[in-house]
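Enquirer: structure for the following, please:
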Amino acid sequence: MTIPSATPGRLPTDEHESWPVDDTTDLHRDDWVMALRSDRIRRPGHPGEEPFARLVLEHPGASIVLAVDEQERVFCLRQYRHPVRRRLVELPAGLLDQGDEDPLEVAKRELVEEAALEAGEWTHLASTYSSPGIIAEVQHFYLARDLRSADRGDFELQHEEADMETFWAPYDELLAAALDGRVQDAPLVLALLAAQARGLAGPGVSGE
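Expert: Okay, the predicted model is just below:
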């Protein structure tokens, strides 16, 4: 097999593109922000080909918060997730479900609601598509530092959130657990690796 050569001088960059949609069928849609539909699409420039179906899970996006204190500890949640039948170690996170929301403002809101914390320093780490073959979700990752206690006000945790545990984990220990598979939540792993790769958190980094 011949491996195609890369185009010289071309940087790896995602590009906007939209293929023609012949028709769309809603498979599930209610008053929540997510919906499942089936689109029949065509390849551009191939008029003789039959359209083919692709499932699309509509999603407003989410913000994920890697909150790290002055001791290089990460604020974590342990929460039950029914689809995978596991209680996962996760980070504070939430949907952009209030309309055209700023992802940073959502991150700040979720840190207060889920962790009862505020941060004086925020850094955007990355934004990624979680599984673009089926879902339109964009996940926005933020590093939060200069942490202090915050009042949740009248916000009440419900359903799985009402049963979740919270704890602090040393960054290096949490990273080791991610790398050897003891924790497997994708946003947690991505946030840890992004912060470490940028030299903003992790072993050898001072939070002061």
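Enquirer: which residue ranges of this protein form helices?
Expert: With helices called from DSSP state H, the chain shows them at 103-115, 171-179, 186-197.
Enquirer: redo those as a markdown table? Include distance to R81, mean neighbour count and mean pLDDT.
Expert: Heads up, the C-betas are built off the backbone N, CA and C, glycines and all. Output for these, formatted as a markdown table (distance: least, C-beta to C-beta, whole Å; neighbours: other C-beta atoms under 10 Å; pLDDT from 0 to 100):
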| stretch | distance to R81 | mean neighbour count | mean pLDDT |
| --- | --- | --- | --- |
| helix 103-115 | 15 | 20 | 95 |
| helix 171-179 | 17 | 17 | 97 |
| helix 186-197 | 12 | 20 | 97 |
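Enquirer: so for S38, which of those sits nearest?
Expert: Of all the helices of the chain, the one in closest proximity to S38, counting by C-beta to C-beta, is helix 186-197 (25.2 Å).
Enquirer: what's the closest one packed up against?
Expert: strand 62-67, strand 86-90, strand 117-129, strand 138-149, helix 171-179 (3 or more C-beta pairs under 8 Å, 6 or more residues apart in numbering; DSSP states H and E).
Enquirer: what angle do strand 62-67 and the shortest one make with each other?
Expert: Computed with axes from the mean of the first three to the mean of the last three C-alpha atoms, to 10 degrees, the direction of strand 86-90 lies at 70 degrees from that of strand 62-67.
Enquirer: which parts of strand 86-90 are buried?
Expert: By neighbour count on 16 or more other C-beta atoms under 10 Å, the buried set for strand 86-90 is L88, V89, E90.
Enquirer: could you report the pLDDT at D97?
Expert: On pLDDT, D97 comes in at 86.
Enquirer: was I right to think it contacts V33?
Expert: Yes. Between D97 and V33 there is a contact under C-beta atoms under 8 Å: 4.5 Å.
Enquirer: between those two, what contacts are shared?
Expert: Listed contacts common to D97 and V33 are P60; contacts here mean C-beta atoms under 8 Å, 6 or more residues apart in numbering.
Enquirer: tell me the span between the first and last residue of stretch 93-102.
Expert: End-to-end span of stretch 93-102 (C-alpha to C-alpha, to the nearest Å): 14 Å.
Enquirer: neighbouring contacts of that stretch?
Expert: By C-beta under 8 Å, 6+ apart, the surrounding residues in contact with stretch 93-102 are 33, 59-65, 103, 106-107, 109-110, 113-114, 187.
Enquirer: nearest to I41, out of these: which one, please.
Expert: Of all the contacts of stretch 93-102, I41 sits closest to H59, with 18.6 Å by C-beta to C-beta.
Enquirer: pretty sure the closest one sits against Q139.
Expert: No. Using C-beta under 8 Å, H59 is not in contact with Q139, being 9.7 Å away.
Enquirer: any figure for the gap between R198 and L175?
Expert: Look at R198 and L175: by C-beta to C-beta, to the nearest Å, they are 14 Å apart.
Enquirer: rewinding a little: now distance to L11 too, for the helices of the chain, in TSV please.
Expert: Below are those laid out as TSV (distance: least, C-beta to C-beta, whole Å):
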stretch	distance to L11
helix 103-115	25
helix 171-179	28
helix 186-197	18
